[in-house]
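1. Build the 3D model from these lines:
(one chain, ligands or ions: 1)
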Amino acid sequence: MINHVIIKKILHKGRNLIMKKLKLEDVAALAGVSKTTVSRVINRRGSLSQKTIDKVEAAMAQLNYHPNVIAQQLHTQRTNLIGILVPSVANPFFGELTMYLEDALFQRGYKVLISDALNQTAKEERYLSQLMGHQVDGLIIATHNNKLEEYQHANLPIVAIDRFLRADIPVVASDNYAGAKLATEALIQRGCQHIIHTYTTNPSNWHDNQREKAFQAVMADHHLPAITYTTAFDCPPAERTARFERLFDEHPAVDGIFASNDLDAARLLSLARARGYRVPADLQIIGYDGAQATQELVPELATIIQPIEQMATYAVKLLADRMAGEFTPTSTVLPVNLKTGQTLKTLGSSSTGTDELLEE
Ligand code: RIB
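-> Model prediction:
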């Protein structure tokens, strides 16, 4: 219960202290408690009554006093800082992933440093070194660059998303094999015979590569030719468009496309429409990722929905467990869902998915 009379007195007294450089003892004097008590309130250490906490916090607010984080770090040997490395927050999948990671870390009281590595190995290296220099307590890595030597020697808690870094670094991913199987089967069930998979090569990412493997396997099971068009993850947009134009030139009879991400699917959809294909009558298209922004911008697009929020909260949980020295599984695979849409012909049911969380 807040004692309003005490707080009012503190607020009044505080006005006279604002102009000088503030110290812990100023807060203590204003709140009428010892320096040790102020320090315990700031660090939430020991047993404290709500009345004491309110008094100290009111004094800090009145003085606009901000605890010296550097001094705290020296004392606790922890920074409470977590580094997040992603390829680019401009990609809806990574933008949404970063948002959920940041929020889950915030909920646990961490501060976050976000780095866009922009598919540049040198930039990722530089960021890594800066993050280590800031003594981050842990790292969440979702970048797509080739293996960096730094990860082999890093000796702090790390969790990877969609990416293999080192045998003892846990990976969180969605079920890419099952997702690609769902996508390919959805096209075959709807009568497609000439299906093309546009695939983003990704040497650092064995989980993502499962999509291509599943496509090949399902097509082989149905005795259909498995045609793939590859683009590099960091392929510039104009080059990507040219590659897809070539796909239509070389395969005018294409009747199904499984794109390994929604941005490519949206690009292919507009190129196909510009060439006069009727979607889904002549050509059916399915993407991958299902980020909120893409679903809103291209609502008609059928896609495989990755559980982005769950992937983020799970990665943060694993990191927290690792920082606490607890056991963590090396691989966690979360279920995906098929979202049908107007880019697929109607079959009856509207949603199927995988339903198990797999840990190893
Ligand atoms: O669109 C970005 C893609 O890269 C996603 O599919 C994600 O899984 C990552 O691998």
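2. Does the ligand have contacts with the helix or strand harbouring residue 98?
-> Using DSSP states H and E, the element containing residue 98 is helix 92-107. Yes: with C-beta under 6 Å from any ligand atom as the measure, helix 92-107 is seen reaching the ligand through residue 93. Backbone N, C-alpha and C define where each C-beta goes, glycine included.
3. Let me know the pLDDT of the closest residue to the ligand within the stretch 151-300 of the chain.
-> Among the residues of the stretch 151-300 of the chain, residue 261 lies nearest to the ligand; the distance is 3.5 Å by C-beta to the nearest ligand atom. What the model reports for residue 261 is a pLDDT of 95.
4. Next: the one 3 residues further on.
-> Looking at residue 264, its pLDDT reads 97.
5. Hmm, it is touching residue 289, no?
-> No: under the contact definition of C-beta atoms under 8 Å, residue 264 does not touch residue 289, with a separation of 9.8 Å.
6. And the two? Which one has more around it.
-> Neighbour count, other C-beta atoms under 10 Å: between residue 264 and residue 289, residue 289 has more, with 27 against 24.
7. quick one, phi/psi of the more buried one?
-> According to degrees, to the nearest 10, the main-chain angles of residue 289 amount to phi 130, psi -60.
8. Surely it touches residue 311?
-> No: between residue 289 and residue 311 no contact is recorded; they are 11.3 Å apart, counting by C-beta under 8 Å.
9. okay, now the domains of this protein?
-> With automatic domain parsing as the criterion, the domains of the chain are listed as 4-75, 79-174+309-334, 176-306+337-359.
10. ranking those by mean pLDDT, which is last?
-> domain 4-75 (a mean of 79).
11. next one: that one to chain centre, how far?
-> The gap between where domain 4-75 is centred and where its chain is centred comes out at 37 Å by C-alpha atoms, centre = their mean, to the nearest Å.
12. Would you agree residue 189 is in contact with residue 347?
-> Yes: the pair residue 189 and residue 347 passes the contact test of C-beta under 8 Å, sitting 6.3 Å apart.
13. How much space separates residue 83 from the ligand?
-> Taking C-beta to the nearest ligand atom, to the nearest Å as the measure, residue 83 and the ligand are separated by 19 Å.
14. before we move on, what SS does that residue have?
-> Applying DSSP: H, G, I helix; E, B strand; the rest coil to residue 83 yields a three-state assignment of strand.
15. Beta-bridge partners for it, please?
-> Residue 83 has these beta-bridge partners by DSSP bridges: residue 113, residue 139.
16. for it, what are its contacts?
-> Taking C-beta atoms under 8 Å, 6 or more residues apart in numbering, we find residue 83 in contact with 112-113, 115, 127-128, 131, 134, 136, 138-140.
17. Just give me the closest of the residues you listed to residue 153.
-> Closest approach to residue 153 among the contacts of residue 83 (C-beta to C-beta): residue 128, at 10.7 Å.
18. Skip the chain neighbours and tell me the closest residue to that closest one.
-> Distances taken as C-beta to C-beta, 6 or more residues apart in numbering place residue 150 nearest to residue 128, at 5.1 Å, with adjacent residues excluded.
19. I'd like the distance between the one you found and the ligand.
-> Counting by C-beta to the nearest ligand atom, the separation of residue 150 from the ligand is 21 Å.
20. Can you report how many residues lie near that residue?
-> 13.
21. quick one on the thing from earlier: so which of the contacts of residue 83 is the most crowded?
-> The residue in those with the most neighbours, by other C-beta under 10 Å, is residue 140 (28 neighbours).
22. Not counting its neighbours along the chain, what's nearest it?
-> Beyond its immediate neighbours in the sequence, the residue positioned closest to residue 140 (C-beta to C-beta, 6+ apart) is residue 84, lying 4.9 Å away.
23. Tell me which residues touch that neighbour, please.
-> Residue 84 neighbours (C-beta under 8 Å, 6+ apart): 98, 101-102, 112-115, 139-140, 142.
24. which one of those residues sits closest to the ligand?
-> The shortest separation between the ligand and any of those is 7.6 Å, and it belongs to residue 142 (by C-beta to the nearest ligand atom).
25. Now that closest one. Nearest residue, chain neighbours left out?
-> Going by C-beta to C-beta, 6+ apart, residue 142 has residue 161 as its nearest residue, at 4.0 Å.
26. which ones are touching the one you found?
-> Taking C-beta under 8 Å, 6+ apart, we find residue 161 in contact with 97, 140-142, 171-173, 311, 315.
27. Show me these that map onto strands.
-> Secondary structure from DSSP state E places 140-141, 171-173 of those in strands.
28. could you flag which of those residues are buried?
-> Restricting the ones in strands among the contacts of residue 161 to buried positions leaves 140-141, 171-173, with burial counted as 16 or more other C-beta atoms under 10 Å.
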